[in-house]
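*Asks:* Kindly generate the corresponding structure for this input.
(2 chains)
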Protein chains: 2
Amino acid sequence: MTDFTATRAAFHIPHGVIYLDGNSLGPLPKAAGKRVAEVVEQEWGEQLIKGWNTCGWMASPSKVGNRIGRLIGAEPGHVVIGDTLSIKVYQALASALQMRPDRKVILSDSGNFPSDLYMAEGLIGLLGGDYELRVVAPENVASAITEEIAVTMITEVDYRTGRKHDMAALTKRAHAVGAITVWDLAHSAGALPVDLLGVGADFAVGCTYKYLNGGPGAPAFIYVAPRHADHVQPALSGWLGHESPFTFDLGYRPGSGIERMRVGTPPIVQMATLEAALDVWDDVDLQDIRTRSIELSERFIAGVEALCPELVLASPRDPSQRGSQVSFKFENGYAAMQALIAHNVIGDFRAPDVMRFGFTPLYLNEDDIDAAVKILGRVINDRLWDTPEFKARKAVT
Amino acid sequence: MTDFTATRAAFHIPHGVIYLDGNSLGPLPKAAGKRVAEVVEQEWGEQLIKGWNTCGWMASPSKVGNRIGRLIGAEPGHVVIGDTLSIKVYQALASALQMRPDRKVILSDSGNFPSDLYMAEGLIGLLGGDYELRVVAPENVASAITEEIAVTMITEVDYRTGRKHDMAALTKRAHAVGAITVWDLAHSAGALPVDLLGVGADFAVGCTYKYLNGGPGAPAFIYVAPRHADHVQPALSGWLGHESPFTFDLGYRPGSGIERMRVGTPPIVQMATLEAALDVWDDVDLQDIRTRSIELSERFIAGVEALCPELVLASPRDPSQRGSQVSFKFENGYAAMQALIAHNVIGDFRAPDVMRFGFTPLYLNEDDIDAAVKILGRVINDRLWDTPEFKARKAVT
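*Replies:* Here you go, the predicted structure:
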């Protein structure tokens, strides 16, 4: 049984803050500062170039990958860390397309995170010819998976609404028509149980700075199914994915299995905070996370709906159809979120009118939820958002 | 006039170590630990998601890019930070190829860093058709620039020999035949004056963990010439290169100028050490660096040749033809480098037989060079390398 008192104590949450935005950027694990100081001062400072060997830097992308693999249902040796999620999406898509050279359609949905769509657009723009990115409504994905589809590129949990796709069913359907699946786990990893091996996913990618709490700009991960890992053709064929990087051959030969999905030099300093964050997960059971996440989000929905009739639930009402976030539509959502943040309840806003709240049992409990509901009630019902300051939209939110 | 006593004092070099490998991984700037602690504990810890605005994280890739731009002869607004160098090579190449759709040949040379060649190989493998990566000997690059060439992809300074290409002459020649130039400045940025705008380079890329001392895995940079910046088509079209990332449009529209070369979320923690490293450069004149680099490397060559007749200079003898490193060929170079490192003189080895030494005036002076020569003399002449331990090659060097 996961000890949520212990996990809560592992994070630094600023005094008075209720943090409902761990689905965007997880908070600071208390151990991260010490770990990054060690990497900077002792490892880099004292070992210099030798750190690549003596401190295990060179092997860290697979080592950290395995720690994440455990959280997403991957066997050891099938996840590797590096780059950003957008790059990993591109990498997975490029390899997947090459596995179905006779097909030209990438299928995605309008609830996917835009960067995934943009990366696909860039890729097919480069490929030219008759490639197509086909974007359907989330609820129409299943019926759109036909024998035309080369690759499905789907984010399991919708970043805006929290709507959760049925990964097992869609993967099965894709395989039935011979399509390859690329799953984006940005809002899944650390949020709910994922069983990549069980569902037979072909590729999966995700980021580590949301529910995994790796820190701003922490690197992404990529998973390749065991049955494909030794066959996929890396389009982003960097030297650290080479079979023998340090022989400095002029020609590329892909490394063994998942190693070939490495590209360039790994971000060692950035990985220090990620490693500290992953320590917290060592004794966590994802089923416990899921149970608590549903308890907390149901409590939030009930509280908000009781207090704020103006807010309209934008997430599925059935918790089994949601990830670990809850969104409400509100016409003045931007200003309301600014006001809420000014009152120390931090969620975020997604255009055009979505107030988004993430539920992260590692460091949130019922008292936080009740307090957040109460403050949100005041912000909405006392129109605390209705000031020029809160209504003035900034470039970045 | 650059104050090299002050710059030397800005770095932590472990006691007794002579560090001749700053061309591979620069040493720790003393201020980096404090800066990264601030970013982790104060910015991330206290500001959480708000840090993207309140701490300037979102704008940091261009802000840091401008600081690097100053060191490579770029006007403000034409360099941006992100990803790894291999990714940036791919990004530049993909955009460059799209500017010459009627041509199919990427020209490079066998002295280029293999990852650049691998990335080109991956890109043309994906493009299919009749694309070709043509790799010639470094001394044959000029004559190989013909009207067939779409893009030249050349690293100014050879990672193995230190041989320096004539960037101005090759760029001029490329333009004369209508080719686009992609320059890799991995061994140039911070090593010698670079004048991208002056020579009219089209694209340039580089890394920040060598002469710029940004730390292990510090992000790369990319430059796009002002005349192209608003026209290039990004193949790696990520959300942070979008004209308006936070409107979350389903379709990609490239951002203004160099902003479109951003891809995903920037590595904020990793950039903290890079920023501390760049502070050291604020009062440095690259011409002073070049003058000192030549003094130090000439002194090293003279010393080594006087003491160690077995070592054969693998770098151009004329310092104007070299970057800021010197290489010697020695049959037992691997073991000799291990022995040298065991005696606290750190250089590195590049297969098959190259002992490589970097000269970095920010923190090296004549006393270091003289001491290094003396110890290298003992290692070679007393055959200190001739032990089973030093001869046993490790996987990573």
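*Asks:* Now do A:Val177 against A:Leu117, distance only.
*Replies:* Applying Cβ to Cβ, to the nearest Å, the value for A:Val177 to A:Leu117 is 22 Å. All C-beta atoms are positioned from the backbone trio N, CA, C, and that covers glycine.
*Asks:* When the two are compared, which one has more neighbours?
*Replies:* Set A:Val177 next to A:Leu117 and count neighbours by other Cβ atoms under 10 Å in any protein chain shown: A:Leu117 wins out with 25 against 13.
*Asks:* OK, contacts around A:Ile145?
*Replies:* Counting by Cβ atoms under 8 Å, 6 or more residues apart in numbering or on different chains, A:Ile145 touches A:Leu107, A:Thr152, A:Leu170, A:Arg173, A:Ala174, A:Val177, A:Ala179.
*Asks:* Can you check which helix is longest in chain A?
*Replies:* The residue-count maximum for a helix in chain A (DSSP state H) belongs to helix A:286-307.
*Asks:* before we move on, the earlier item: taking the contacts of A:Ile145 one by one, which sit in strands?
*Replies:* A:Leu107, A:Thr152 (DSSP state E).
*Asks:* and which of the contacts of A:Ile145 is nearest A:Ala306?
*Replies:* A:Leu170 (35.0 Å; Cβ to Cβ).
*Asks:* pretty sure the closest one is in contact with A:Thr152, am I right?
*Replies:* Yes. Contact criterion Cβ atoms under 8 Å: A:Leu170 and A:Thr152 qualify, at 6.8 Å.
*Asks:* what is in contact with the two at once?
*Replies:* Common neighbours of A:Leu170 and A:Thr152, using Cβ under 8 Å, 6+ apart, are A:Val141, A:Ile145, A:Thr181.
*Asks:* quick one: which of the contacts of A:Ile145 is nearest chain B?
*Replies:* For the contacts of A:Ile145, the residue nearest chain B by Cβ to the nearest Cβ is A:Leu107; the value is 14.0 Å.
*Asks:* what's near enough to touch the closest one?
*Replies:* A:Leu107 touches A:Arg134, A:Val136, A:Val141, A:Ala144, A:Ile145, A:Ile149, A:Val151, A:Thr152, A:Met153, A:Ile154, A:Ala179, counting by Cβ under 8 Å, 6+ apart.
*Asks:* Ok, A:Thr171 next?
*Replies:* So A:Thr171 contacts A:Thr181, A:Trp183, A:Val199, A:Gly200, A:Ala201, A:Asp202 (Cβ under 8 Å, 6+ apart).
*Asks:* how close does the third one get to A:Cys207?
*Replies:* Right, A:Val199. 20 Å.
*Asks:* Looking at the two now, which is surrounded by more residues?
*Replies:* It is A:Cys207, of A:Val199 and A:Cys207, that has more neighbours when counted by other Cβ under 10 Å, with 25 against 19.
*Asks:* need the contact list for the more buried one.
*Replies:* So A:Cys207 contacts A:Thr84, A:Leu85, A:Ala186, A:Ala189, A:Ala218, A:Ala220, A:Phe221, B:Thr265 (Cβ under 8 Å, 6+ apart).
*Asks:* okay if I get the contacts of A:Leu107 as CSV plus pLDDT?
*Replies:* As requested, these are arranged in CSV below (pLDDT from 0 to 100):
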residue, pLDDT
A:Arg134, 98
A:Val136, 98
A:Val141, 98
A:Ala144, 98
A:Ile145, 98
A:Ile149, 98
A:Val151, 98
A:Thr152, 98
A:Met153, 98
A:Ile154, 98
A:Ala179, 98
